[in-house]
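Asks: quick check, what structure comes out for this input:
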Amino acid sequence: LITLETPSNPMLAITDIEAITKVAKEKGILTLADNTLATPFNQQPHALGVDIVVQSATKYLGGHHDLTAGAVCTSKELAAKIWKTHITLGSVLSPMDSFLLLRGLRTFPMRMNRVNQNGQALAEMLAAHPKVAKVLYPGLPSHPQHELAKRQMKGFGGIVSFMVKGD
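Replies: Sure thing, here's the model as predicted:
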């Protein structure tokens, strides 16, 4: 199993999903992507060849910081293999948490559009600030993997990392 998180937290490194999945498929290796920071709004790892996608629902999907949940998204065949562990662990959302997640999903696209806009604006502001040495944000042309991010993502999210000048 090859696992990847893209963008990574907190350095926002971008993994070339298509390149990784191509090699993995040639070798008969499954791939798993943590898509939490990108969200399914900004990046669709399945479309890029990933076998299993895990997504935190606690953050952007829920959107209100009032539930703890996650999702494993995969084919019916792989889901069947995972099912026994799922039953053993008892990982089922309560009715209330299910309601809260559904509530958050109703506004998810609108919120992610704003998150992307705000993240970009914040990154640009920090990049121009005289006390900031470096900004790590895939939406900036200065990001070392900006072109890759543009190829596999439709938006760049709300997480911005930066380094200050001096102490």
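
Asks: is it true that Q43 touches T36?
Replies: No. Counting by Cβ atoms under 8 Å, Q43 sits too far from T36 to count as a contact (10.5 Å). In this view, the C-beta of every residue, glycine as well, is placed from N, C-alpha and C.

Asks: put the alpha carbons of the helix or strand bottoming out on mean pLDDT in the chain into CSV.
Replies: Least confident helix or strand, the chain: helix 76-89 with a mean of 87, by mean pLDDT, DSSP states H and E. Output of helix 76-89 as CSV, limited to C-alpha atoms (Å, rounded to 0.1, in the frame of the first residue of the first chain):
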residue,chain,number,x,y,z
LYS,A,76,-17.3,-2.0,-3.9
GLU,A,77,-14.7,-4.7,-4.0
LEU,A,78,-12.2,-2.9,-1.7
ALA,A,79,-15.0,-1.8,0.6
ALA,A,80,-16.1,-5.4,1.0
LYS,A,81,-12.6,-6.2,2.2
ILE,A,82,-12.6,-3.3,4.7
TRP,A,83,-16.2,-4.0,6.0
LYS,A,84,-15.2,-6.6,8.6
THR,A,85,-12.8,-4.2,10.3
HIS,A,86,-15.5,-1.5,10.1
ILE,A,87,-18.0,-3.7,11.9
THR,A,88,-15.5,-4.9,14.5
LEU,A,89,-14.5,-1.3,15.3
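
Asks: now the element after that helix, going C-ward?
Replies: Next along the chain after helix 76-89, taking DSSP states H and E as the criterion, comes helix 95-106.

Asks: distance between that following helix and the chain's centre?
Replies: Centroid separation for helix 95-106 versus its chain: 19 Å, with Cα atoms, centre = their mean, to the nearest Å.

Asks: list of residues touching the helix or strand following it?
Replies: Using DSSP H and E, the helix or strand that follows helix 95-106 towards the C-terminus is helix 108-128. Contacts to helix 108-128, defined as Cβ atoms under 8 Å, 6 or more residues apart in numbering, come from residues 39, 41-42, 60-61, 63, 132, 135, 137, 139-140, 142, 155-160, 162.
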